[in-house]
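*Asks:* return a 3D structure for these sequence lines:
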Amino acid sequence: MWPIDLYAIVGGLGGGGESGSVRVYEQAVTAFSGLSPLEQAAIQAVGIVLVGGFALGILRYSGRKTLEVSRRSPVISLCVGIPGTLVLGGLFYTGILISSSAVGIFFAIPLVAIGVVVLPVSAALGYVAIGATITSRFGLSRTPGWVIAGGLLGGVTALVPTFGFAFVTIATALGVGAGTRVLVGNGGVRQPEERVVPPANKV
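*Replies:* Presented below is the predicted three-dimensional model:
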């Protein structure tokens, strides 16, 4: 869907001798690329809204923290996210390559899951973070508005392929970098905010 151009770039590194899994993967990329620009923009906008809203609903703490980190220090998040996105894309395509073998399927499942889950979620959160930055300047401070703004932004940028590819790359790297910083900084996907009352202050 929205990181489909990233998938296509990664898939182009495979060369000849393609397995059945690679052919199915490339057919899906070709089918999406064959849609009209308006259809691609609509799918991308709806996808960002659905995935972004779902991610923020399921990952309440880490999702909102990712938005805060990406908005507070986008340059650092990009520096972390660009190589991280390349690594995730490489792992995803490696999983597709080894999925055709009987033994490799056990190793392919987690690698493919990385590309199918992590990259779209990161791209959606990246778009939402950029949408939040823009709409906050107009006084919109509610998360649903940020999600809708991110979806509209993704749909508009998809109408211009060259600009859209650059934008989806930035959004994905922003989401990957901010998410990585949140996970590393908190030591996990969730950090309970528990406060211990000192014994002298207990009632």
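*Asks:* quick one: residue 166 from residue 119, how far?
*Replies:* Here residue 166 is placed at a distance of 16 Å from residue 119 (C-beta to C-beta, to the nearest Å). Where C-beta positions appear, they are placed from N, C-alpha and C, glycine not excepted.
*Asks:* give me the more crowded residue out of the two.
*Replies:* residue 119 (23 against 13; other C-beta atoms under 10 Å).
*Asks:* secondary structure class for the more buried one?
*Replies:* With DSSP: H, G, I helix; E, B strand; the rest coil as the basis, residue 119 sits in helix.
*Asks:* what of the one 10 residues further on?
*Replies:* Assigned state for residue 129: helix (three-state reduction, three-state DSSP).
*Asks:* what sits against the nearest residue to it once chain neighbours are set aside?
*Replies:* Leaving aside its sequence neighbours, residue 129 sits nearest to residue 70 (C-beta to C-beta, 6 or more residues apart in numbering; 4.1 Å). Taking C-beta atoms under 8 Å, 6 or more residues apart in numbering, we find residue 70 in contact with 77, 125-126, 129, 174-175, 177-178.
*Asks:* looking at these, spot the one nearest residue 42.
*Replies:* Set against residue 42, the nearest of these by C-beta to C-beta is residue 126 (19.5 Å).
*Asks:* that closest one against residue 174, yeah?
*Replies:* Yes - if you go by C-beta atoms under 8 Å, residue 126 and residue 174 touch, sitting 4.0 Å apart.
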